[in-house]
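Visitor: just coords:
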């Protein structure tokens, strides 16, 4: 299945006892589908994948893919600190029916380009489905230059997509320049969404559809149509996009879901729920964003 457009990131809802809340997960997924998402990406940063053990990861991946029933492409996050652990998740995602996998190199020690390449080559060789390489040094501590990313796509079988999340629009322009427009790259930085599409991004990977699905879809529709109102819509939702990133996606999005009638539980410790003051600020921003369009 072709992956492009709005790639939506669901949270992983937890019940009061800390277990996966499956009915709530299905409601979150239904909101994303009905809101017009073009693909679903479970088990990314928003889905708190780093805080799930392998059994829980399997549980969420299986439940998500089964509930969607192929209605939309699924891009499963399979990142782990070790290559062995990442391969294990990659093979599981493929067996469960994921359309593609997303790999964010994560390491305690700073990795060399040679180590990054070997890691990604090994993961890509372990599966037959497409691989999206995810660059987010702010969370992973690993930074991949545009030249390395393009080299990986050009030379490693199965690596076909890049998610660029440094927040540096110049890197997206560089990816387009290096590939002569052939590389399918995705924007992972909410504040850059408008600029990223103008730079040639194939899509926007974002958790925002959990909270304002209609506005995100309308914005994307306007971008595709070359409409001037795309900038106006983006200006109206920009404050919310900045806020959920600055406070942290799992706590912010879960609180936003609660404020919009879908309680997905609290984030897993050490992450903490928003304070009353933070929640009030989020509500004001959310109300402004929901009036956009």
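Guide: Right, received. Where do you want to start? These numbers come from a predicted model, not from an experiment.
Visitor: So which elements touch the longest helix along the chain?
Guide: Secondary structure of the chain per DSSP state H: the longest helix is helix 229-247. Contact here means 3 or more Cβ pairs under 8 Å, 6 or more residues apart in numbering; DSSP states H and E; on that basis helix 229-247 packs against helix 193-198, helix 213-224, helix 249-259, helix 276-290. (Each C-beta comes from the backbone N, C-alpha and C, glycine too.)
Visitor: winner for burial among those helices?
Guide: Comparing the helices and strands packed on helix 229-247 by mean neighbour count (mean count of other Cβ atoms under 10 Å), helix 249-259 comes out on top with a mean of 24.
Visitor: quick revisit: and the angle from the longest helix of the chain to helix 213-224?
Guide: On the basis of axes from the mean of the first three to the mean of the last three Cα atoms, to 10 degrees, helix 229-247 is oriented at 130 degrees to helix 213-224.
Visitor: Same question for helix 229-247: list its buried residues.
Guide: 230, 233, 234, 236, 237, 238, 240, 241, 243, 244, 245, 247 (16 or more other Cβ atoms under 10 Å).
Visitor: Flag every buried residue along the worst-scoring helix or strand of the chain on mean pLDDT.
Guide: Scoring the helices and strands of the chain by mean pLDDT, DSSP states H and E places helix 137-140 at the bottom, with a mean of 91. Judged by neighbour count (16+ other Cβ under 10 Å), helix 137-140 contains these buried residues: residue 140.
Visitor: what do you get for stretch 68-80?
Guide: Those would be 68, 72, 73, 74, 75, 76, 77, 78, 79, 80, for stretch 68-80 by 16+ other Cβ under 10 Å.
Visitor: Make a markdown table from the buried residues of helix 229-247 and add distance to residue 111 to it.
Guide: Putting the buried residues of helix 229-247 into a markdown table (distance: Cβ to Cβ, whole Å) gives the following:
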| residue | distance to residue 111 |
| --- | --- |
| 230 | 38 |
| 233 | 39 |
| 234 | 35 |
| 236 | 40 |
| 237 | 35 |
| 238 | 33 |
| 240 | 34 |
| 241 | 30 |
| 243 | 32 |
| 244 | 29 |
| 245 | 25 |
| 247 | 28 |
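Visitor: what's the closest of these to residue 21?
Guide: Of all those, residue 244 has the smallest distance to residue 21: 20.6 Å, by Cβ to Cβ.
Visitor: any idea how far the closest one is from residue 237?
Guide: 11 Å (Cβ to Cβ, to the nearest Å).
Visitor: what's the overlap in contacts for the two?
Guide: Counting by Cβ atoms under 8 Å, 6 or more residues apart in numbering, the residues touching both residue 244 and residue 237 are residue 208.
Visitor: before we move on, back to that, could I get the helices and strands packed on helix 229-247 in CSV, plus columns for mean pLDDT and distance to residue 205?
Guide: Below are the helices and strands packed on helix 229-247 laid out as CSV (pLDDT from 0 to 100; distance: least, Cβ to Cβ, whole Å):
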stretch, mean pLDDT, distance to residue 205
helix 193-198, 97, 10
helix 213-224, 97, 12
helix 249-259, 98, 11
helix 276-290, 97, 18
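Visitor: Between the ones you listed, which one is closest to residue 122.
Guide: Residue 122 sits nearest to helix 249-259 of all these, at 28.2 Å, using Cβ to Cβ.
Visitor: who touches the closest one?
Guide: Helix 249-259 has contacts (Cβ under 8 Å, 6+ apart) with 9, 11, 13, 28, 45-48, 207, 210-211, 243-245, 263-268, 271-274, 278-279, 282-283, 286.
Visitor: hmm, which of those are the buried ones?
Guide: By 16+ other Cβ under 10 Å, the contacts of helix 249-259 give 9, 11, 13, 28, 45-48, 207, 210-211, 243-245, 264-268, 274, 279, 282, 286 as buried.
Visitor: so of these, which ones are in helices?
Guide: Among those, the members falling in helices (DSSP H) are 28, 243, 244, 245, 279, 282, 286.
Visitor: Residue 151 falls within a strand, correct?
Guide: No: counting by DSSP: H, G, I helix; E, B strand; the rest coil, residue 151 falls outside a strand, being helix.
Visitor: Tell me, how many residues neighbour it?
Guide: By other Cβ atoms under 10 Å, the residues close to residue 151 number 16.
Visitor: so who does it touch?
Guide: residue 117.
Visitor: Quick one: residues contacting the nearest residue to residue 192 once chain neighbours are set aside.
Guide: Leaving out its chain neighbours, the residue that sits closest to residue 192 by Cβ to Cβ, 6 or more residues apart in numbering is residue 169, at 5.6 Å. Residues near residue 169 by Cβ under 8 Å, 6+ apart: 192, 195, 196, 199.
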